[in-house]
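A.B. asks: Only the shape, not the letters, is given here:
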RNA sequence: GGGGUAGUAGGGUAGCCUGGUCCAUCCUAGAGCGUUUGGGACGCUUUGACGGCGGUUCAAAUCCGCCCUACCCCA
């Protein structure tokens, strides 16, 4: 389908941009050749990765949310109700203006996000305090007319995998608690896919249009730029005012509800691919890898049947244990198969040949190249524990890398050096003038304050610009 | 937002300046046959492309215009 050249290597990961583009099609994640800018095609292999990754998200959300599905089209009058919100999106909305040849009386927006689709319905659904809290989520596509460079999985005109949750609460405090819950759910999600993230509170001018405040998760990419991979918004009663979303409390009084919304898109997969991948291709956490174990039979002409039979028997056992396993019995040299599956990020390869059959073992090789001989009789248990260990190793490597990319800076010069590697931690007073001064000429953004990271100490100091009392903020070049 | 460069088989390229020798080069991939197989095998046979529309010309991959797309640089 997208058979990678068997001779040419991937561009080295140091050339991150080239590496990223190449690995996406060679590992059969996305095909970028669809003839509309900013829209890309998921290969089945990529889609399978998406599906297992989103299965984790669903599992986490399902603990206390219900899944739902709202329409893609939003009538113009409804979309235009919330002033702040419109201002934030007006430049990037796609409009449906015709039904066939007939102009529509009311234009229809392709959702850039679903607040204005969902909240009018919420207003109908919520009548009393007994209906609260309401916590729903959906996984949908959204559209934004991006004008800057589009990139597969990172900057899209059609986001194909937007998991958005929308909650309604009685009080502002309860909504705040929900934002904290969202943060912990997302932290758990990124921990499961071994991607270190940093949560911080976005500056006021960067919050979601219509929100009281926004907490966002950033991952650090290999080139040191950060990718925003999740957002949690406290909407206060801003939208409930607009959409008349109110409830009757215990005393029979009508009160405005308070809301939150939080989302994650396929950028989570971009981060996972980018942070773990290496010069040979993808490295995937076992839990989400489309193929978790590949069996490569070492076939000689004379013993082909014996070896294939042994491989099939092993496959049956591994499959029965609930793992995604595949035999590669193609007419290729074994080495070619190793490269093939390494490109696709298979965590564990099992080699089985005459030597193994005779010795009652199989050879297991993980994606980092670590070889372990496993007794054939204990193959399944051995494989499971190797996959566990592999996941732990992935997490450890990603964490070590992330820590090396986070550096504290007490002067602008130090900040300049720090953002070359990744995130600079600086003291910032919270005022826009000082943020502007930090950003000026550095091609960086002040991502946020109230930083949540075990690697960033929450100690007060003096603003790096004005010297007033300040707290740590994170600064980086961004995607 | 401004500027630049480029679009040739599935992927990567030569040819373009100086129109004809191009029913288009090479590598890779795909198909077929045979020999191979513990880290990217080899031989033979074979399939497959000038981004789109228009113009100039006896003749266009090549020159001109517009459109679409991609990449790079600057703000």
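C.D. replies: It's in. Quantities reported herein were computed from a predicted structural model and do not represent experimental measurements.
A.B. asks: If we go by neighbour counts, what in the host helix or strand of residue A:138 is buried?
C.D. replies: According to DSSP states H and E, residue A:138 maps onto strand A:134-143. With burial defined by 16 or more other CB atoms under 10 Å, the residues of strand A:134-143 counted as buried are A:134-140, A:142-143. Backbone N, C-alpha and C define where each C-beta goes, glycine included.
A.B. asks: contacting residues around it?
C.D. replies: When contacts are defined by CB atoms under 8 Å, 6 or more residues apart in numbering, strand A:134-143 is touched by residues A:54, A:57-58, A:61, A:64-70, A:72, A:93-94, A:110-114, A:118, A:122, A:125-126, A:157-168, A:178.
A.B. asks: Now list the buried members of the residues you listed.
C.D. replies: In terms of neighbour count (16+ other CB under 10 Å), the buried residues within those are A:54, A:57, A:61, A:65, A:70, A:72, A:93, A:110-114, A:118, A:122, A:126, A:157-168, A:178.
A.B. asks: just checking, which of these belong to helices?
C.D. replies: A:54, A:57, A:61, A:118, A:122, A:178 (DSSP state H).
A.B. asks: gap between the last one and RNA strand B?
C.D. replies: If I follow you right, that is residue A:178. Distance from residue A:178 to RNA strand B, counting by CB to the nearest atom of the strand, to the nearest Å: 36 Å.
A.B. asks: residues in contact with the closest residue to residue A:297 other than its chain neighbours?
C.D. replies: Sequence neighbours aside, residue A:311 is the residue nearest to residue A:297 in space, at 4.2 Å (criterion: CB to CB, 6 or more residues apart in numbering). Residues in contact with residue A:311 (CB under 8 Å, 6+ apart) are A:295, A:297, A:327, A:329, A:352.
A.B. asks: Then residue A:457?
C.D. replies: Contacts of residue A:457 by CB under 8 Å, 6+ apart are residue A:472.
A.B. asks: Go through the buried residues of strand A:134-143 and say which is closest to RNA strand B.
C.D. replies: residue A:143 (14.7 Å; CB to the nearest atom of the strand).
A.B. asks: Can you name the residues bridging to the closest one?
C.D. replies: Bridge pairing for residue A:143 (DSSP bridges) gives the partners residue A:158.
A.B. asks: Can you check what pLDDT the model gives it?
C.D. replies: Residue-level confidence at residue A:143 comes out at 93, pLDDT.
A.B. asks: burial measure for residue A:107, as a count.
C.D. replies: When counting by other CB atoms under 10 Å, one arrives at 18 neighbours for residue A:107.
A.B. asks: can I assume it is in contact with residue A:96?
C.D. replies: Yes - counting by CB atoms under 8 Å, residue A:107 touches residue A:96, with 6.8 Å between them.
A.B. asks: where does chain A dip in pLDDT?
C.D. replies: A:1-8, A:441 (pLDDT under 70).
A.B. asks: Most widely separated two among the ones in helices among the buried ones among the contacts of strand A:134-143?
C.D. replies: Farthest-apart pair in these is A:54 and A:122; separation 24.0 Å (CB to CB).
A.B. asks: does any part of the biggest helix by length in chain A sit near RNA strand B?
C.D. replies: The helix of greatest length in chain A, counted in residues with DSSP H as the criterion, is given as helix A:379-404. No - when contact is scored as CB under 7 Å from any atom of the strand, no part of helix A:379-404 falls within range of RNA strand B; the minimum is 13.3 Å.
A.B. asks: how close does residue A:46 get to residue A:19?
C.D. replies: Between residue A:46 and residue A:19 the distance is 16 Å, computed by CB to CB, to the nearest Å.
A.B. asks: Between the two, which is the more surrounded one?
C.D. replies: Under the criterion of other CB under 10 Å, the comparison of residue A:46 against residue A:19 puts residue A:46 first, with 26 against 21.
A.B. asks: backbone phi and psi for residue A:466, please?
C.D. replies: Dihedral angles of residue A:466 (phi, psi; degrees, to the nearest 10) stand at phi -100, psi -10.
A.B. asks: name the element the residue nearest to it when sequence neighbours are not counted belongs to?
C.D. replies: Closest residue to residue A:466 apart from its sequence neighbours, by CB to CB, 6+ apart: residue A:434 at 5.4 Å. When elements are defined using DSSP H and E, residue A:434 is found to belong to helix A:432-439.
A.B. asks: How about residues contacting that helix?
C.D. replies: Contacts with helix A:432-439, where a contact means CB under 8 Å, 6+ apart, come from A:203-205, A:412, A:415, A:426, A:428, A:444-446, A:463-466, A:475.
A.B. asks: List only buried entries from those.
C.D. replies: Here the buried ones among the contacts of helix A:432-439, as counted with 16+ other CB under 10 Å, turn out to be A:203, A:412, A:415, A:426, A:428, A:444-446, A:463-465, A:475.
A.B. asks: what number of residues lie near the closest residue to RNA strand B within the stretch 351-479 of chain A?
C.D. replies: Among the residues of the stretch 351-479 of chain A, residue A:353 lies nearest to RNA strand B; the distance is 2.4 Å by CB to the nearest atom of the strand. Other residues within reach of residue A:353, judged by other CB under 10 Å, total 20.
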